[in-house]
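K.L.:
Pasting the sequence and the predicted model now:
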Amino acid sequence: MHDHTPSEAVPANLRELATANGADGILWRLREDGRQLDANLVRLPAGERIDTHAEPDLDVLLVVVAGTGTLTTGDGPLELGPGSLAWLAHGQARAIDAGPEGLSYLTVHRRRPGMRIGIR
């Protein structure tokens, strides 16, 4: 059993980080050594888009923290707002469009193993 204690790397208030003026892109990420998860707080400015893509290996949980937008998958568009939660299965194509006030969301997925040199 691992003994982990909270550190300053884990923010106390995602909403405050997500709505900070002037910041876009990745606002925060989980960086703890020995972690099993990756998590990122992302802010898209108003009207910006993440084009259609698919994560081939990892399921992703997306949680909207602030703003509005649209998540489009093969099942069609889903309107997003604070508190919206979406599970995106590995291999599932998706695109994200930010609404008029921008969109801040947290993504959580299993941590990717580091690159290793080896024989296959």
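P.N.:
On my side now, so go ahead. Numbers count the residues shown, from 1 in each chain.
K.L.:
does residue 56 really touch residue 92, like I thought?
P.N.:
No. Here residue 56 does not reach residue 92: they are 10.0 Å apart, not a contact under Cβ atoms under 8 Å. Any C-beta I mention is one placed from the backbone N, CA and C, and that applies to glycine too.
K.L.:
Give me the more crowded residue out of these two.
P.N.:
Higher neighbour count among residue 56 and residue 92: residue 92, with 14 against 7, using other Cβ atoms under 10 Å.
K.L.:
Residue 66 is in contact with residue 19, isn't it?
P.N.:
Yes. Under the criterion of Cβ under 8 Å, residue 66 makes contact with residue 19 at 5.0 Å.
K.L.:
now the strands for the protein?
P.N.:
Per DSSP state E, the chain carries strands over the ranges 25-29, 37-44, 49-54, 60-73, 76-80, 85-88, 93-110.
K.L.:
strand partners of the first one, parallel vs antiparallel please.
P.N.:
What it means is strand 25-29. strand 37-44 (antiparallel) (DSSP bridges).
K.L.:
Please enumerate residues in contact with the strand it pairs with?
P.N.:
11, 14, 17-18, 23-30, 50, 65, 67, 69, 96, 98, 102-112 (Cβ atoms under 8 Å, 6 or more residues apart in numbering).
K.L.:
Run through the residues that contact residue 47.
P.N.:
Residue 47 is in contact with 97-98, 100, counting by Cβ under 8 Å, 6+ apart.
K.L.:
let's see it at 10 Å
P.N.:
The contact partners of residue 47, by Cβ atoms under 10 Å, 6 or more residues apart in numbering, come to 69, 97-100, 102-103.
K.L.:
With residue 27 instead?
P.N.:
Neighbouring residues of residue 27 by Cβ under 10 Å, 6+ apart: 11, 14, 17-20, 40-43, 65, 104, 106.
K.L.:
Just the buried ones out of those residues, please.
P.N.:
For the contacts of residue 27, a burial check counting by 16 or more other Cβ atoms under 10 Å picks out 14, 17-19, 40-43, 65, 104, 106.
K.L.:
Okay then, goodbye and thanks.
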